[in-house]
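Trainee: after the sequence you'll find the predicted model.
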Amino acid sequence: MQRLIPSWITAPNRTQTTLGLALARSTFTVLAAALLLLALCSSQQTQTMARCALNDSNNTQENVVADVVVLDADIYTMNRVQPRAQAIAISGDRILAVGSNEEISKLRGPKTVTYSAGGKLLTPGLIEGHGHFLGLGQSLQMLDLAGADSWNEIVQQVKQAADQKLPGQWIVGRGWHQEKWSTKPSPNVEGYPIHDALSAVSPQNPVLLTHASGHMSFANDYAMKLANVTGQTNNPPGGEILMLPSNDGSGNVRPTGVFRETAASLVQAAYNRSLIQQTDQQKRQQWQDAIDKATANCLKNGITSFQDAGSTIATIDRFHQLASDKKLDLRMWVMVRDSNLMMDQNLKRVRTIDHGGNFLTVRAIKRAIDGALGAHGAWLLQPYADLPSSSGLNTATIESIEETAQLALRDDFQLCVHAIGDRANQEVLNLYARIWQQHLDDAANGSVTSSDTSDLDELGKSLRWRIEHAQHLDLADIPRFAQMGVIPAMQAIHCPSDAVYVMHRLGDRRAGEGAYMWRSLIDSGSIIANGTDAPVERIDPIASLHASVSRKLKDGRVFFGDQAMTRDEALRSYTLWAAYAAFEEKSKGSLEPGKLADIVIFSQDFMTCPEDKIQQTKVLTTIVGGNIKFQNENGGLTKLED
């Protein structure tokens, strides 16, 4: 099988990725500094020829001086040519050189700031390969339901919130998951609670509680009345209002409070109407507070770049202004998620690469073809094992996504389609192949600009279109990802988090053959862009890295461990592979001269420590563009005085 990506970006084979990688110090050369200076020559910071030392034929290594130097580190570079190192030098926002303490110390000058890492692990900055940035911030502004052990606990949380609210004020929360409760609610429908107890503790306040997956919501009676939802309300396309049949034999039904997939928009619209009462200043303050909370949450977890899985044109315009004003503290790579009409009118305008000093890129589009497995919304080839009447939900028409794909080709955007079920993934792969073949045919007859290739798979590899999640795959579709060049953006933490109900939803055979198939995808030639899908899961890359290599549940059970990644692959999935999935491997993902100085320092070496100790790892320092953006109060870099 031909590999998806060049060999220089891939991980070593499994025999080369032993836990005790030997420290390989490569010789430090003038070329290292020259590569950086060449990059700086074309940067906005060093436009003039006078500032580019490469133009001085007498330039030598001795007169190249670093702004910042970090010594005494245990560095994993993710650069196969120089996999390990001890020290790193930074000039401006770029890496000047990587090498030994002795080599890097030669780049110190009178104004160089020097730090010691105290022997701690240092890696490239981590890249969140799929999350929801604004949603993460907003989740930190509402009730956190993720830790609730039962429906009764959630009812009590809402009661406490209602006691502090004025009549009519909304109560919102996120993070509940019925499959993670210790007891099943009673009464229930399909395992979901009925709103009666919730409505009883919040009679004067509308309540809207979003499921952990983001693909379902729960509302109380007050909120449903505001949304005009009754037992006679029809299901919207791609959604379901879960109803409770009456006990009197009349055939009447009433809403339980559960709104699957697109049906949740009915209650969300009522909540949105309440926001109209806010002043523009209040809205701006609330939005900025969400951005600030999300940023701080990312930086303290070692995230230096965030691949945002879908923002509207209006939100992207606000991101653009923040980047222009130098008010983004971590790097954003944003997928556009809006109507086809809005994208048709705005894609060319919002497309940007490395805006605001490499802090904002907008060059991808997000769509969704199905829902989530936990909400019985993932679109499956066969019915659910625990709900035989359903094969899930197709939440957007094939024709609509095909129209989006044409827009992506027209304006040179990556297309990133959410697909969780095996039917959904198969449909997306088939759709990509159809659209690409049509494009090649149109290029051949001159109706569109000629393509650089006439080969379908080569076209796919050049486009780097993605499937977001790719959680449950048909066996025959696994090798198609590498063959077509489609990148699976998969969130490893979903495996142990969801495994408690995956077996119920899919049955043993389907779960074993197609759920979270990291090993099979990598062995067939794919890479994986890792992440957390925050706020679906907490933005904790350490937990996700542990899940990548262990596939271990909280109770110690292992979910089909033969599909685990190696530790080297897991770290690559959060660095170089994630960068490649965004066309950013030339500036991010590894520690090499000329690349952005995005760095994380950890409390221990999670590449070699016992597997059960990985989750004890803490982020000590996060550096973005050579600037310290987070420093743990319990450790981190120590400034050295001459």
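Mentor: Sure thing, it's come through.
Trainee: rest of the way, CA atoms for contacts and neighbours
Mentor: Will do.
Trainee: low-confidence ranges, the stretch 1-150 of the chain, go.
Mentor: Judged against pLDDT under 70, the low-scoring parts of the stretch 1-150 of the chain cover residues 1-62.
Trainee: now the strands for it?
Mentor: In order along the chain, the stretch 1-150 of the chain carries the following strands (DSSP state E, counting those that start in this stretch): 68-71, 74-76, 84-85, 87-91, 94-99, 113-116, 121-124, 126-131, 143-144.
Trainee: which helix runs longest in the chain?
Mentor: Counting by DSSP state H, the longest helix found in the chain is helix 422-444.
Trainee: contacts for the next helix or strand after that helix, please.
Mentor: Counting by DSSP states H and E, the next helix or strand C-terminal to helix 422-444 is helix 456-463. Counting by Cα atoms under 8 Å, 6 or more residues apart in numbering, helix 456-463 makes contact with L4, Q414, A433, W436, Q437, L440, D452, T453, Q483, M484, G485, V486, all of which sit outside it.
Trainee: helix 456-463 versus helix 422-444: what angle between them?
Mentor: Here the directions of helix 456-463 and helix 422-444 differ by 100 degrees (axes from the mean of the first three to the mean of the last three Cα atoms, to 10 degrees).
Trainee: how about helix 456-463: buried residues?
Mentor: L456, D457, L459, G460, K461, S462, L463 (16 or more other Cα atoms under 10 Å).
Trainee: what do you get for stretch 368-378?
Mentor: Neighbour-count burial for stretch 368-378, counted by 16+ other Cα under 10 Å, picks out A368, I369, D370, G371, A372, L373, G374, A375, H376, G377, A378.
Trainee: L209: which element?
Mentor: strand 207-211.
Trainee: okay, now the sheet partners of the helix or strand just after that strand, with direction.
Mentor: Following strand 207-211 in sequence order, the next helix or strand is strand 216-219 (DSSP H and E). Sheet partners assigned to strand 216-219 using DSSP bridges are listed as strand 207-211 (antiparallel), strand 253-261 (antiparallel).
Trainee: list of residues touching stretch 122-129?
Mentor: 73-78, 302-308, 489, 491, 529-532, 541, 574-575, 578-579, 588-591, 598-602, 622-624.
Trainee: could you do stretch 174-182 as well?
Mentor: Stretch 174-182 is touched from outside by 139, 142-151, 184, 191-192, 209-213, 374, 500-501, 536, with contacts defined as Cα under 8 Å, 6+ apart.
Trainee: buried ones in it, by neighbour count?
Mentor: Buried, per 16+ other Cα under 10 Å, within stretch 174-182: R174, G175, W176, H177, Q178, E179, K180, W181.
Trainee: same question, stretch 299-315
Mentor: Buried positions in stretch 299-315, judged by neighbour count with 16+ other Cα under 10 Å: 299-311, 313.
Trainee: where along the stretch 351-500 of the chain do the strands fall?
Mentor: According to DSSP E, counting those that start in this stretch, the stretch 351-500 of the chain carries its strands in the segments 352-354, 360-368, 414-419, 466-469, 487-489.
Trainee: quick one: contacts for H132?
Mentor: For H132, the contacting residues are D308, A309, G310, D533, A534, P535, taking Cα under 8 Å, 6+ apart as the criterion.
Trainee: may I see those residues arranged in TSV, with pLDDT, secondary structure and distance to H472 as well?
Mentor: Supplementary listing: the contacts of H132 in TSV, determined by pLDDT from 0 to 100; DSSP: H, G, I helix; E, B strand; the rest coil; distance: Cα to Cα, whole Å:
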residue	pLDDT	secondary structure	distance to H472
D308	98	strand	22
A309	97	strand	19
G310	96	strand	22
D533	96	coil	16
A534	95	coil	20
P535	93	coil	21
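Trainee: adding distance to L322, write those residues out as CSV.
Mentor: Formatted as CSV, the contacts of H132 follow (distance: Cα to Cα, whole Å):
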residue, distance to L322
D308, 15
A309, 18
G310, 17
D533, 23
A534, 21
P535, 22
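Trainee: pLDDT of the helix or strand containing T315, averaged?
Mentor: According to DSSP H and E, T315 maps onto helix 313-324. Helix 313-324 comes out with an average pLDDT of 97.
Trainee: hmm, who's touching stretch 330-337?
Mentor: Here stretch 330-337 makes contact (Cα under 8 Å, 6+ apart) with 295, 299, 303-313, 316, 343, 358-367, 416, 582, 624.
Trainee: wait, what's in contact with the spatially most central residue of the chain?
Mentor: Geometric centre of the chain, nearest residue: H130, 1.6 Å, by Cα atoms, centre = their mean. By Cα under 8 Å, 6+ apart, the residues touching H130 are 306-309, 468, 489-491, 529-534.
Trainee: cool, M565 as well?
Mentor: The neighbours of M565, taking Cα under 8 Å, 6+ apart as the test, are W518, R519, S548, V549.
Trainee: need phi/psi at it.
Mentor: Main-chain dihedrals, M565, degrees, to the nearest 10: phi -90, psi 160.
Trainee: and for S182?
Mentor: For S182, the backbone dihedrals are phi -70, psi -30 (criterion: degrees, to the nearest 10).
Trainee: could you pull out the helices for the stretch 1-150 of the chain?
Mentor: In the stretch 1-150 of the chain, helices defined by DSSP state H, counting those that start in this stretch lie at 30-41, 101-105, 133-139, listed in chain order.
Trainee: by mean pLDDT, which helix or strand of the chain comes out lowest?
Mentor: Each helix and strand of the chain was given a mean pLDDT (mean pLDDT, DSSP states H and E); the minimum falls on helix 30-41 at a mean of 43.
Trainee: before we move on, back to that, can I get the buried part of the contacts of stretch 174-182 as one PyMOL selection?
Mentor: With 16+ other Cα under 10 Å as the criterion, this PyMOL line picks the buried residues out of these:
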select buried, resi 139+143+144+145+146+148+149+150+151+192+209+210+211+212+213+374+501+536
